[in-house]
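Asks: Quick check, what structure comes out for this input:
(one chain, ligands or ions: 2)
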Amino acid sequence: MADSAQAQKLVYLVTGGCGFLGEHVVRMLLQQEPRLCELRIFDLHLDPWLEELKTGPVQVTAIQGDVTQAHEVAAAVAGAHVVIHTAGLVDVFGRASPETIHEVNVQGTQNVIEACVQSGTRFLVYTSSMEVVGPNVKGQPFYRGNENTPYEAAHRHPYPCSKALAERLVLEANGRKVRGGLPLVTCALRPTGIYGEGHQIMRDFYHQGLRLGGRLFRAIPASVEHGRVYVGNVAWMHVLVARELEHRAALMGGQVYFCYDNSPYKSYEDFNMEFLGPCGLRLVGARPLLPYWLLVLLAALNALLQWLLRPLLLYAPLLNPYTLAVANTTFTVSTDKAQRHFGYEPLFSWEESRTRTIRWVQAMEGSAQ
Ligand SMILES: NC(=O)C1=CN([C@@H]2O[C@H](COP(=O)(O)OP(=O)(O)OC[C@H]3O[C@@H](n4cnc5c(N)ncnc54)[C@H](O)[C@@H]3O)[C@@H](O)[C@H]2O)C=CC1
Ligand SMILES: C[C@@H](CO)CCC[C@@H](C)[C@H]1CC[C@H]2[C@@H]3[C@H](O)CC4=CC(=O)CC[C@]4(C)[C@H]3CC[C@]12C
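Replies: Ligands and ions are numbered 1, 2, ... in the order given. A predicted model of the protein is given here:
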């Protein structure tokens, strides 16, 4: 891939390229990968902003397709040098069935691997998740852990189960011979909770705060730390990994890396207030306003309502037993593995990440500013 004849001729495929993270990966590749000649963006739904990318020097090819359809994936992968597989069904709210989550996240990933093998594509980067590790069903804290920290990764929820299975498939595929006889080189990136421009849940909290007269009510103790990472840095890490996989295949192949940056360790709600505060919202209560047992009860009630109403309508509030357990369990990472293995340093400082996210919230319609 690196010889001079091919220097400007790399074809990249980004699956899920129209999603929250995918869009940042796409834009980052166009800015930071000078050897790119074609960028294929594969997604179930194609967004209009793709059009504006088509006027630049890199050929941008938008492909509407479904990762669960092996033939569609094979056609998109054919001739690509690198695949960044970020497409996934991110559902912890019970919107999709467990079967659908499995099909998209696990079978979809298997289809991507087989397409790489059959077409001779050698480099595959998979967007995994912190959820592959935890928080686990026992609610045990993971406090500033790294990729080698012992932790019982036991899950029941379809989303973490599917991400864990898919990650295993990707790592086990490392070293498989692809068409032409060379080995496939794979690795997996595990972001913690991603934030930044385009983050739907941040949008939801902002609108909820506006509806409640500019207030949000603390539900989780401030002492529970939740790992967060800026979307631009996650995208940058994908670009770097994709670039370095060839040169450092022996070191990086089959490895997992947490995605990290200098975002502060805080509770989920306090962290959100770093952006929502400057946009006119305030978090009421130094301590949770409701006792935890009552939140557990409300979450269980939401789950029951979801089940009862399912034949009539989709009821999928933010609070359910799973999201409550995740939000209420400390999970933070502290690692330098990505720096040691492929020279990663965050591209965006915490101050810049914060400013960019605040500007994005302020630009939303109905800003409280
Ligand atoms: N949002 C977060 O905090 C985190 C996300 N992740 C992972 O990052 C990846 C991207 O997540 P987000 O950008 O947050 O989600 P997103 O929902 O914004 O993006 C996912 C994209 O995949 C596409 N997609 C879904 N099903 C598909 C299918 N069957 N075929 C083709 N495309 C399909 C969607 O249309 C969407 O554009 C996912 O794999 C997720 O598991 C990992 C850690 C944290
Ligand atoms: C109890 C509520 C009171 O305000 C707060 C509920 C917040 C939850 C909706 C979020 C808390 C933690 C989030 C998850 C976490 O960041 C890890 C994730 C990783 C992923 O790969 C996908 C998204 C998510 C599961 C993320 C989803 C939303 C939360 C559960």
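Asks: Now do the phi/psi pair for residue 283.
Replies: Main-chain torsions, residue 283, degrees, to the nearest 10: phi -100, psi 120.
Asks: Output the longest helix belonging to the chain.
Replies: Criterion DSSP state H: the longest helix present in the chain is helix 292-309.
Asks: Might you list the low-confidence residue ranges for the chain?
Replies: Within the chain, the stretches with pLDDT under 70 are 1-8, 365-369.
Asks: Show me where it has its strands.
Replies: Remark: strands assigned in the chain by DSSP state E are 10-15, 36-43, 59-64, 82-85, 123-127, 142-145, 185-191, 193-195, 215-217, 228-230, 255-259, 282-284, 331-333.
Asks: Tell me which of the ones you listed lies nearest to ligand 2.
Replies: Evaluated with Cβ to the nearest ligand atom, the strands of the chain place strand 193-195 nearest to ligand 2, the distance being 2.6 Å. (Each C-beta comes from the backbone N, C-alpha and C, glycine too.)
Asks: for the longest helix of the chain, which positions count as buried?
Replies: For helix 292-309, the neighbour count (16 or more other Cβ atoms under 10 Å) marks 295, 298-299, 302-303, 306 as buried.
Asks: out of these, who's nearest residue 89?
Replies: residue 306 (17.1 Å; Cβ to Cβ).
Asks: pretty sure the closest one contacts residue 316?
Replies: Yes. Counting by Cβ atoms under 8 Å, residue 306 does reach residue 316; the two are 6.5 Å apart.
Asks: Look up the closest residue to residue 254, ignoring the ones flanking it.
Replies: Once flanking residues are discounted, residue 254 sits nearest to residue 174: 3.7 Å by Cβ to Cβ, 6 or more residues apart in numbering.
Asks: The one you found contacts residue 167, correct?
Replies: No. Here residue 174 lies out of contact with residue 167, judged by Cβ under 8 Å, at a distance of 11.6 Å.
Asks: okay, those two: which has more neighbours?
Replies: Each of residue 174 and residue 167 has its neighbours counted (other Cβ atoms under 10 Å); residue 167 has more, 25 against 18.
Asks: pretty sure that one is touching residue 130, no?
Replies: No. Counting by Cβ under 8 Å, residue 167 stays clear of residue 130, with 11.2 Å between them.
Asks: what about residue 200, how many neighbours?
Replies: By other Cβ under 10 Å, the residues close to residue 200 number 10.
Asks: For it, give me its contacts.
Replies: By Cβ atoms under 8 Å, 6 or more residues apart in numbering, the contact set of residue 200 is residue 20.
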